[in-house]
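Colleague: quick one, what's the 3D model for this:
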Amino acid sequence: MSNNNGIDWSSLWKKEDWWACWIGWFILLMAIAGWMPHAPKIAGWTTLSQAFPKGIGTLWTTIVLFIIMCVMTIIGAAFLKKDVKSYIPGFVVIFILTFIAMVIAKQKTIHYWGIPYVLWALAFGLIISNVFSVPNWMKASMMTEYFVKIGLVCMGATIMFSVVIKAGAVGMAQALLVVGAVWFFTYWICRKFGLSQRFSSIIATGNSICGVSASIAAGGAVMGDPKEVSYIVAWLMVCAVVLIIVMPPIAKWMDLPTNMAGAWIGGVIDNTGSVVAAGEIIGTKASIDAAAMVKMAQNVLIGFAAFFLALWATLSLERKEGMEAPSLSEVWYRFPKFIVGFLVASLIISFIVEPSMGTKAAKSIGKLCKSYRSWFFALCFVSIGLETRFKELLTVGGGRPAMAYWIGQIMNAFWTLLIVWILWSGTFFTPPILPD
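Modeller: Numbers count the residues shown, from 1 in each chain. Modelled structure (predicted):
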């Protein structure tokens with residue numbers, strides 16, 4: 001947030017988005033220098049011993065990875081005012097669950113059926129939070145958005161900028177066509193269910209743009225009730241779980257080309273990490289890239305949406321004497337900075353590393369960054385599971401907010417599929433070619 005004297009430079013070390021950039025860029029630069037350790041090698045297995053081809057070396061590599069990820073994230077957590085003493089033991093548990101999820105996902109039968117590590121990570125978190133209970137000392141380390149944003153910055157190093165440009169125009173066109181229609185429909189249905197204007201706008205923004213980040217931004221913009229923001233965030237997480245499981249098989253049943261399947265997933269699923277996970281279930285690079293590009297295009301709209309919602313709340317809802325309308329600089333301060341991190345990583349790989357070191361080196365560095373991306377995503381999904389309690393989601397508003405949200409989400413799925421067919425099928429336009 002800007003202050004009265006100009007730029008608030010403290011956001012560079014006080015905001016989660018910026019820390020995601022610093023950590024992601026650090027991983028990339030260390031990988032370029034050849035100083036970033038590789039993630040442990042876990043092989044496909046039928047008997048557990050086959051999972052660790054390097055034997056005890058796998059354990060050592062895993063310990064090194066744990067230390068690196070813990071140190072990197074705890075520095076940011078300290079600046080973000082998290083309880084550092086509680087963060088370390090909580091991170092140990094989350095990392096162990098992540099490692100187990102990685103190993104299970106490599107079991108050959110499980111791998112054959114396409115059940116990825118993120119779903120196992122999510123399942124472990126859900127079991128703990130819904131069957132048992134999450135101890136307070138773990139909560140400081142359950143930084144869902146923090147982990148996924150770092151992973152997304154790392155992901156930028158795996159996508160050449162030429163691909164970003166090719167998919168960017170189509171992705172932005174889809175984002176505008178989807179977000180506008182879904183936002184107004186969801187807002188309308190929420191109002192029909194008797195929800196307040198503020199609550200309706202928070203639900204509509206989360207459903208149409210980018211889940212958790214958008215909901216939080218909208219809640220701040222309209223000065224919404226924090227409990228209502230937390231409520232819709234929980235439903236967004238539950239919905240992401242359902243859609244990760246449901247959408248890839250439906251896409252395969254409809255025989256959608258992988259780029260179309262990815263674009264559909266990217267437009268419907270609200271949380272960015274969930275989008276990439278569902279793209280991975282489809283199983284091709286094209287599906288992951290298309291899903292990520294579409295979701296990134298939608299993410300771009302968060303800052304603009306927050307700005308216009310703040311104007312609307314200030315000038316229409318509040319009308320309180322002396323309240324100032326937000327300045328144009330708020331668009332930048334509410335813009336998700338991890339998107340900047342993603343694009344900068346892609347630019348470095350595309351225009352510095354590849355020309356100077358060659359394509360082979362660029363791909364090798366990208367592969368290393370991808371392995372760190374996978375581990376951060378897994379940490380994110382363990383955290384999502386730990387934060388989600390099903391019982392608490394059915395009591396607010398007699399279930400009316402939940403019904404309104406799901407009706408809006410169903411409309412989102414059908415409308416997005418139509419837009420994807422128009423933009424990505426090749427019937428009307430030439431879609432970007434994303435290699436499998």
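Colleague: and the strands in the stretch 101-250 of the chain?
Modeller: For the stretch 101-250 of the chain, no strands are identified by DSSP state E, counting those that start in this stretch.
Colleague: where does pLDDT dip in the stretch 151-300 of the chain?
Modeller: Where the stretch 151-300 of the chain drops to pLDDT under 70, the residues are 160-168, 211-213, 216-217, 220, 271-273, 277, 300.
Colleague: and the residue nearest to Thr144 when sequence neighbours are not counted, how close does it get to Arg389?
Modeller: With sequence-adjacent residues excluded and distances taken as C-beta to C-beta, 6 or more residues apart in numbering, Thr144 is closest to Ser383, at 4.3 Å. To be clear about C-beta, it is placed using only N, CA and C from the backbone, and glycine gets the same treatment. Taking C-beta to C-beta, to the nearest Å as the criterion, Ser383 is separated from Arg389 by 14 Å.
Colleague: mind checking which of the two has more residues around it?
Modeller: Neighbour comparison, Ser383 and Arg389: the larger count goes to Ser383, with 29 against 14 (by other C-beta atoms under 10 Å).
Colleague: mind checking which helix or strand the more buried one is in?
Modeller: Assigned by DSSP states H and E, Ser383 falls within helix 359-387.
Colleague: what's that helix packed up against?
Modeller: Contact partners of helix 359-387 among helices and strands, from 3 or more C-beta pairs under 8 Å, 6 or more residues apart in numbering; DSSP states H and E: helix 16-33, helix 56-79, helix 84-105, helix 117-131, helix 144-156, helix 226-253, helix 272-282.
Colleague: do that again at 7 Å, thanks
Modeller: On a contact count with 3 or more C-beta pairs under 7 Å, 6 or more residues apart in numbering; DSSP states H and E, helix 359-387 meets helix 16-33, helix 84-105, helix 117-131, helix 144-156, helix 272-282.
Colleague: redo the ones you listed as JSON lines? Include distance to Phe193 and mean neighbour count.
Modeller: Compiled in JSON lines, the helices and strands packed on helix 359-387 are given as follows (distance: least, C-beta to C-beta, whole Å; neighbours: other C-beta atoms under 10 Å):
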{"stretch": "helix 16-33", "distance to Phe193": "32", "mean neighbour count": "21"}
{"stretch": "helix 84-105", "distance to Phe193": "36", "mean neighbour count": "19"}
{"stretch": "helix 117-131", "distance to Phe193": "26", "mean neighbour count": "21"}
{"stretch": "helix 144-156", "distance to Phe193": "28", "mean neighbour count": "28"}
{"stretch": "helix 272-282", "distance to Phe193": "25", "mean neighbour count": "28"}
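Colleague: rebuild those as JSON lines, extending it with distance to Asp289.
Modeller: Listed next are these as JSON lines, based on distance: least, C-beta to C-beta, whole Å:
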{"stretch": "helix 16-33", "distance to Asp289": "18"}
{"stretch": "helix 84-105", "distance to Asp289": "21"}
{"stretch": "helix 117-131", "distance to Asp289": "17"}
{"stretch": "helix 144-156", "distance to Asp289": "10"}
{"stretch": "helix 272-282", "distance to Asp289": "8"}
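Colleague: for Ile42, which of those is the nearest?
Modeller: Among the helices and strands packed on helix 359-387, the nearest to Ile42 by C-beta to C-beta is helix 84-105 (5.6 Å).
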